[in-house]
Every structure is written in structure tokens, then in C-alpha cells.
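J.: structure of the sequence below:
(chains A and B)
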2 protein chains.
Amino acid sequence: MAAAVKALLGSSLATSRLCGCVNFSKRLYSRSAKRVRVHDALKSTETGSTIRIQGWVRSVRSQKHNVFLHVSDGSSLQPLQVVASSDLNPRNLSFGCAVDITGNLEKSPSKKQNVELQASHIDVVGECNPVDFPFKIKGHHSLEYIRQFPHLRCRTNAFSALLRIRSQATDAIHSFFRDNNFVQIHTPVITSNDCEGAGELFQVEPAGNEWNLDEENPHFFSVPAYLTVSGQLHLEAMSGAFPAVYTFGPTFRAENSQTRRHLAEFYMVEAEIAFAESLKDLMEVMERLFKTTTDNLLSHCAEDMELFHKYLSPGYMEQVNLMMKRNFNVISYTEAIDVLNRSSEQFTFKPEWGCDLQTEHEKYIVQHCGNVPVFVTDYPYELKPFYARDNQDQPQHTAAAVDLLVPGVGELCGGSLREERLELLRTRLAQAGLDNTYTWYLQLREFGSVPHGGFGMGFERYLQCVLGIDNIKDTIPFARFSRSCVL
Amino acid sequence: MAAAVKALLGSSLATSRLCGCVNFSKRLYSRSAKRVRVHDALKSTETGSTIRIQGWVRSVRSQKHNVFLHVSDGSSLQPLQVVASSDLNPRNLSFGCAVDITGNLEKSPSKKQNVELQASHIDVVGECNPVDFPFKIKGHHSLEYIRQFPHLRCRTNAFSALLRIRSQATDAIHSFFRDNNFVQIHTPVITSNDCEGAGELFQVEPAGNEWNLDEENPHFFSVPAYLTVSGQLHLEAMSGAFPAVYTFGPTFRAENSQTRRHLAEFYMVEAEIAFAESLKDLMEVMERLFKTTTDNLLSHCAEDMELFHKYLSPGYMEQVNLMMKRNFNVISYTEAIDVLNRSSEQFTFKPEWGCDLQTEHEKYIVQHCGNVPVFVTDYPYELKPFYARDNQDQPQHTAAAVDLLVPGVGELCGGSLREERLELLRTRLAQAGLDNTYTWYLQLREFGSVPHGGFGMGFERYLQCVLGIDNIKDTIPFARFSRSCVL
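T.: Residues are numbered from 1 along each chain as shown, chains lettered A, B, ... in the order given. Down below sits the predicted model:
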């Protein structure tokens, strides 16, 4: 087993093999030093040991007798300082090149780091022409600049930090649901469900010649098929058999708009809870999800988070601390309209009961609540889709729906209790002319229906909210939006 | 906080709120008994306590003075036995209905279970007409039968067990990669990369009116866009900055075939390892991934696994034990061809060096290796895509590619070292006329290139392999295949 994998996996499996000749590649390195990740080398207390690191050069500084390198392998934001005698310095050593270095790990004389590697051997594994490479050794490249190089931007400090945080946040979200006994359901990407006839669907058919299926069979799937805009209805089917389910995956909108808050392909966390009896049940889960995930990030990705909170969104740490410390607010839609109407703010859109809250209204509400996230509950019945539970109140008829608004981003989560009463649901679907389309959905209520509810949280918006990232395109490895699908 | 959520989340958050009136739904139950999941009730040693369970009735048996129910809430395969006096028995209690039951948890006099619930109160929350409900109280429904009801089949024992196993396997796979320091990358679903011009792509454009974009701008994304067939190339970009990365998500093939091994939408685990130096590096990770995940399932889902190993694929446990106990085999493609040619088996397709292995060949090889998984390495260079690393051997020119074949399923994993040498890659792409398409991919080798390699594992095939499930459609919540996209 080669060093790279040994460093990842630890000890080796037994290697006796049953049959056949073993025909391994012959490229195994002969060097015997233990391969160590930069992250582990930086924390090592075993100075004096000979180790081997593999990574990319982030800086080169030559002095008369020595050359100083910073080498990163993506395992941590902080690079490892390597000191080598000038005569060890290979001709093709440059910013961005890949190196394989053996040396002794020693206590560093500098206060900037605990340890440094005193190199005895440096291999340049892959060269990098600094003239052609789009990132420069002393360049402070903006997020906007590096966005032009989606295949290379992971090699910058900022975007590698983002990717480590994103990976950890994903893990934290899965942990949250696992620890709370939710079953993970892979809801489908391709669906025949046109989701209330929303106009922003992507449609799917085979490419090339097969695209023009004949008139009798115009569709690959027999029916028109779309990319999912939500796994909710599929999760609701599962709420007829499990106490709590969730999904976390890609979701799509064919929106023509190009804003700093929208993508054509984004990730959504969606949860559905059987026997949920009130919006409070859902709000508890949303607030906990937000705080548990953020807590996890603050403790596991402190250095990477700091890069954003100190350098990319200076002062943003205070906003994060405020959100973590305070209980989220709760305000009804009706009261929100009152607050807006009582304010002295000049809104472009006049706030009016029965109309959707505009972005300017959401922003005002969040500020009014001291820049702490706020749940807005019980929206007008007519504003909400067929599945939202009827509150059967009057004179202002509302549905049991809730949005979570957060500073900087606006709507982060949306949820509702679902109409579990067969007759109410049947009537509403019939009024919308959808009862034949949703026969299967009605059957969920016909056989062992239970009160239930759920919500969705936009994952990229969550990252914007906790990192203070202005443009959503900087939160995802490969951004897809109107007119752009690079790679 | 209602009981359902309290049972899931444990204690409550503080409830003081900053601003606005709290407008909670008024439907909070007044019952005060502690809500317990069936899974926890079955393991409880606190007999004598009053508890409340919520779930669905899986059987009803009336005797003169008592009625016996089995209630399941999806938290475990085993239901909780509920005993109620006949006068408590609500008129509408039936197989499939949803119930909310309070009672005392007592030691059971029967040997079939440790505890039972002696009901003091039974609410039928959602009725279920046993005539219309497609599953019957004493019916032993086949996987094929329940497949007709994708919105309801989670209510059967077999499919709820499958979904719990699938959720646990997903979790185990993420844990494996996290524990081995891989960074998770969400590779995109929509891609402009046509993946070597493979003919089995789905194409994506907005539905409805927007579909007919004008002649100057015929595409929503400016370029033709497809559903991903692999995240490999995107992961390779990340291998220029991280020691190891992986992705686990939906993948697509617009194949017209309807077999028991193919879906149009399926899940794939893909990993890419920087500085990997031989196929052995990749095989180690694949074998460990398989064994660690299966080990996790055997210990966390023993009861659910047993349902498959005992009743749905009788005797299959032995096959699983064999795979777990033995080291996976390794055989080169060249030797595999020799083995096939030396055998007395009558193959439909004559095995020949330079041709792909057919399913019948793969099956024979696995049997030849004692029904233990087998890695086949070093395939003919001309059979493999442009990115596979040239072994530069002769006279039989091979590439450093490997497939993992497993009993019952055939190909479970495929992987290769990637060609990291700029000039070799450039020449091969130019020969294929693809050098302009893959400028970005060549740049990965131009700037700090490193030896690397990776593999993909079909997740549904993995589930087939460890559970002995014949048809892949029974391993996924909502199956999509040619002519079928229900819900």
C-alpha cells in the first residue's frame, strides 16, 4: 500500500490473495519515511522524526543559504513551513507546483508556527508555470476573480476553506438528523410531479437522436419528466411509515434571474415529521438544526471560519455570535403586517394583508427583531399551496405555514403543517382542478393518515448566513445559473 | 413542544421570545404521558411506567375479553404488542390505521416479546379501509407486488426494512470517508461536459414556453446541458488541492434497457485520491469501503438484514459472511482471458484479448474465485477512456484500470489511475479530437499535476449484493427507468 493511502487509511489489510496473479503498478516509491498530512504535522509533538509530505507550494522565499517554502495539502488552512538548504532547491520549484518532500520535523525558531520541516529531499512532482497560472504568489485575489476559474479555484486559500466548511456542514447536518432518529430518504431528482404547475421547471429527455421520440411515445419516461423542485411530497409518503424522515440533495429552478441569492442547481435540506401537532414542533427542529450545525462548524472549522469572519466579511463573527446566543423570534404574519404598517420606513411595495412579504419587508422585520433570526407564522390561506394545513380561523383566514428569515439572506427556511384531513384536502384539490393528478397523494390520507409537517432549508443560503458571503455562487463547488454551466 | 418532537429531540429549548405575539396552533394534546418510540419501548426496562406511542396497526386479533394489536412506528422492524380490554376497542380500529395509544408498559407473559403495552386509551388518528388498502392483514406480498404502490410500499415490513438499511448504509459510507479524512464535494448534477460523447445522456432545458428559446440563444445555460453520468472529472479538479475527496449522489443514464441491474437514476459513491501511486492503493480503499460499510450494517441493522437473509433470499447470509471473511481476489485482465479460454464452459461470446468482458464472463470469473469478490486489473488500453493511465507496456498495451466484480451483481466498482502526464494526455485527447473540449482538464495537468486515481461504486448494486435482492428497483425509494417515472 502506497504512502498516500496509508496516511489516509492507517494500517493495511492482509494481502494474501486467493487466485490469479497480482499485477500491481510498479510505481511504488522506494522512500520509507512516514507520510503525514500537513494538518497532522502541524499538531505533531514528535519533533525530530523523519516524515514525508506531499502537497502544493503556496509560497517560496529564497535567502542566501536557505529557501523557505509554505506547503499545503488541503488538510488545513495553515501550511507547513519547509526550510531547505539552497543547494537542495530544484530549478523548477515555484508557486503552485506539486512537491513530495522528506525531512525532519523540528521545533520552529519562529513564533509564527510550532514546527517546521527541515528538508533533506525535495521532488517537484508537477511543475507550474507562474506566468500562465492565474493565481499569483503575492496576489490577493477577490472571490469574484477566482470564480472565473472553477477548475482551479480550490487551490486558493479562500475556496479551499469554503470547501472544507461545506463538507463539515454537510456532515454536521447528517449527524443532527441521525442523532435525532430521522431516516434519510433519497428523494428522486427526476419526477413526473409538476409541483403545482410552477413555471420554473427543467424538463428532461434523452439527448441526441433519441430526443425525438415518435409521436405515440413522445417521452422517454412515457410522461413528461422534470427535475425536482422539492422532495416534500415524496417525504410525505414516507411520513406514513416513519416517525421522522429527511432528505439532503440537489434541487432545481429554471429561473432566468441572476441574483446573489439564486442558483439553478442548489442543495436543500428537507425534513418531515409524523405526528407533528403545531408549528412550534417545526420551529424547534429548525432552530436546533441551525444552532447545532453552526456550533459544530465553530468547533471543527475554527481556522477556516475565521478566514471568512476576519478577512472576507470583517466583523461578521459578532453577527454569528448574536444568532447563536439569542432565541429566534416568533411573529405572526398578521402582526408582521402591523409592524410594517406602523413603521416610518418608505417601502417600494405597500405592506398589505393578503400579499406576499417583499424582500424589503423581510429585511425590515429582521432588523426590527434585533438582527436575530425570526419565524413568521400563519400566512394567509390563499397565499399558500394546496398542502398547507387550514387553520380554519376567521375573519382572517390563515394556513399553518412558517418561514424563517435571517440577517443578510432573507428567507432561509419555509415549512408548514400539511393538510392531513382527507375531505378538506380533496375539496381544495378539486377546486384547483388537481384531484386527478394527486390521486396518490389523497391515498396517503385515505389509509392511516396522521398529522404531520415539515420544512426545507436552503443549504447555500445557510452557508451565506453563517459565513457572511454576499454571493451564493461562492458557496458551491460548481455554480449553475441562467446562461452559465461551466464544466 | 408537542410529544412527537419531544420524543425525537429530547429536552426543550428555552421558550422566551424577543418580539411579536406567539401564535401557535392550539392543537396540543392534553395527555401528559411520555411519548416513546416503539424501538425504545421494546428495549425499555422501566416496566410499570405509563407511556404513549404513535404509529400504525400491523395486526389486530380479537379475543373474548381482549384485543391484541401490533403497532409499528417505523423505528424498528419488530412491532410493539398492545393489549386492550375489548370495551376500549374503537369501532374503526383496523389493519393499516394510525393510532395514538396510552398505557402501561409491562413485562409480557409471552416468550415472543419482552414487554407489551396494556392500553388505557386508544385513539384512531387516521382510519384505513381494509377493503381498499392494497396490503392485506395476512397477506405475504412479494416485492414485485408492493412495487406497484410506490407511495405506500414503505408501510410494508420488507420495504421499511430496506429503507432503514439504505439510510444506515448511507450514513456508514459518509462515516467511512470522514474517518479517513476525505473532503466531501457536491459535484454538479447538471453539466455541460458530455462525458466522452457517450450516447446515453439526458439533456436539460426549461419546461413549457421557455423551452423554445430563440435561435440565437437556443439553450438556457448558453450551451447544451446534461445530467451527470459521473462526478469523476469534477473530483479530479479537486484532487489538485486536497489529499482525498469523494461524492455520493444521484447519477443518470438514458438507457432504454430494462434489466434487473439498471436504473435511469441511481446513486453512486465516487472517490479520488491525490498522490495515489498504484491500483493497489485504490483496491485497498474499495475493499475497506465495502467491508466497513457491511460491518456497520450487520451491527446496526441486524434485525432488518435478517429479514432479507432469512426470508427474502434464504441462505444468503452465508454468501455475505464469505465476502466479509475472505480477502478479495486480484486477477489481471490478461489472466482472466486465459482463465476463460482454459475453461470448459460454453460461452455465447468467445473471450478474446482486446474485447470487453461480457456478463457471462464476469459471472464465471467470480465463480472461479470461489464466489468471493474479485478485482480485474489492467485492461486493454484501447478499451478505456482517455483519462485512464497508460501502463506503457508491450506487446499487450494496457491501462491502469480496475473493476470489482461481485457475486450475483457483476460489476460493482470501476476505477483507474488517471493520466497525470500532460504530454501523454494532450496527445491522446488530440487523437480523439477532444483537446479543445478539455482545455480545462489539460490545465489541471499544466499547473501542479500529481499522480492520482479514483473509483466509483454503484450504491444500489451494493445493496443488491449485501442483501441478495434480485431486482435493483427494490433498493431505491422511487425507481426511474425507461417508460416509468411514477410520482
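
J.: how about the strands in the stretch 251-400 of chain A?
T.: Secondary structure of the stretch 251-400 of chain A (DSSP state E, counting those that start in this stretch): strands at A:265-274, A:329-332, A:374-380, A:398-406.

J.: among those strands, which is nearest chain B?
T.: Taking Cβ to the nearest Cβ, strand A:329-332 is the member of the strands of the stretch 251-400 of chain A nearest to chain B, at 2.8 Å. Every C-beta, even on glycine, is put in place using the N, C-alpha and C of the backbone.

J.: coming back round to it: distance to chain B and mean pLDDT added to the strands of the stretch 251-400 of chain A, as JSON lines?
T.: Below are the strands of the stretch 251-400 of chain A laid out as JSON lines (distance: least, Cβ to the nearest Cβ, whole Å; pLDDT from 0 to 100):
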{"stretch": "strand A:265-274", "distance to chain B": "5", "mean pLDDT": "98"}
{"stretch": "strand A:329-332", "distance to chain B": "3", "mean pLDDT": "98"}
{"stretch": "strand A:374-380", "distance to chain B": "5", "mean pLDDT": "98"}
{"stretch": "strand A:398-406", "distance to chain B": "6", "mean pLDDT": "98"}
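
J.: reformat these into TSV and put mean neighbour count next to each item.
T.: Below are the strands of the stretch 251-400 of chain A laid out as TSV (neighbours: other Cβ atoms under 10 Å in any protein chain shown):
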stretch	mean neighbour count
strand A:265-274	25
strand A:329-332	24
strand A:374-380	25
strand A:398-406	25
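
J.: turn these into a markdown table, columns for distance to residue A:357.
T.: Compiled in a markdown table, these are given as follows (distance: least, Cβ to Cβ, whole Å):
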| stretch | distance to residue A:357 |
| --- | --- |
| strand A:265-274 | 21 |
| strand A:329-332 | 11 |
| strand A:374-380 | 7 |
| strand A:398-406 | 8 |
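
J.: residue B:381 is nearest to which of the ones you listed?
T.: Minimum separation from residue B:381 across these (Cβ to Cβ) falls at strand A:265-274, 35.4 Å.

J.: give the other helices and strands that the closest one contacts.
T.: With contacts taken as 3 or more Cβ pairs under 8 Å, 6 or more residues apart in numbering or on different chains; DSSP states H and E, strand A:265-274 sits against helix A:232-238, strand A:244-252, helix A:279-300, strand A:452-458, helix A:459-467, helix B:3-9.

J.: so the third one versus helix A:459-467, what angle?
T.: With axes from the mean of the first three to the mean of the last three Cα atoms, to 10 degrees as the basis, helix A:279-300 and helix A:459-467 are set at 60 degrees to each other.

J.: and the angle for helix A:279-300 with strand A:374-380?
T.: Here the directions of helix A:279-300 and strand A:374-380 differ by 150 degrees (the same axes, to 10 degrees).

J.: which secondary structure element of chain A has the lowest mean pLDDT?
T.: Least confident element among the helices and strands of chain A, by mean pLDDT, DSSP states H and E: helix A:3-9 (a mean of 56).

J.: partner strands of the following helix or strand past it and their direction?
T.: Heading C-terminal from helix A:3-9, the first helix or strand you meet, by DSSP states H and E, is strand A:34-35. Applying DSSP bridges, strand A:34-35 is found paired with strand A:50-62 (parallel).

J.: need the residues that contact the following helix or strand past the partner strand.
T.: For strand A:50-62, the succeeding helix or strand toward the C-terminus, using DSSP H and E, is strand A:66-72. With contacts defined as Cβ atoms under 8 Å, 6 or more residues apart in numbering or on different chains, strand A:66-72 is touched by A:38, A:53, A:55-62, A:79-86, A:88-89, A:93, A:99, A:101, A:117, A:160.
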